[in-house]
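Undergrad: Based on what follows, work out the 3D shape:
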Amino acid sequence: MNALTGDRVFRIHWVLGTDRLRAVCHCSAEREFEDPVELWAWLLGHPDGHTS
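TA: Just a heads-up that it's a prediction; the model follows:
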């Protein structure tokens with residue numbers, strides 16, 4: 001199995017035991033969210049907001 005690579009690969013992980021999702025941007029910035037809409041806005045709004 002090959003992992004996806006590239007400059008536009010986003011990863012979303014469910015945080016076990018919670019209702020939270022961890023977003024990982026292609027720039028390696030990470031942030032946790034409860035709302036999937038906010039998660040995607042953060043990921044797709046690169047680079048705005050990637051300092052938090």
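Undergrad: so where does Ala23 fall, helix or strand?
TA: In the assignment (DSSP states H and E), Ala23 maps to strand 21-24.
Undergrad: which residues of the chain score low on pLDDT?
TA: For the chain, the stretches flagged by pLDDT under 70 are 1-7, 51-52.
Undergrad: Any idea which residue is closest to the centre of it?
TA: Ala23 (1.9 Å; Cα atoms, centre = their mean).
Undergrad: now the nearest residue in space to that residue that is not next to it in sequence, what's its secondary structure?
TA: The shortest distance from Ala23 to any non-neighbouring residue, by Cβ to Cβ, 6 or more residues apart in numbering, is to Leu39 (4.9 Å). Just so you know, the C-beta spots here come from the backbone N, C-alpha and C atoms, and that holds for glycine as well. For Leu39, the assignment made with DSSP: H, G, I helix; E, B strand; the rest coil gives helix.
Undergrad: How many residues are close by Leu39?
TA: Counted by other Cβ atoms under 10 Å, the residues lying close to Leu39 total 19.
Undergrad: before we move on, what about Ala41?
TA: Ala41: 13 neighbours (other Cβ under 10 Å).
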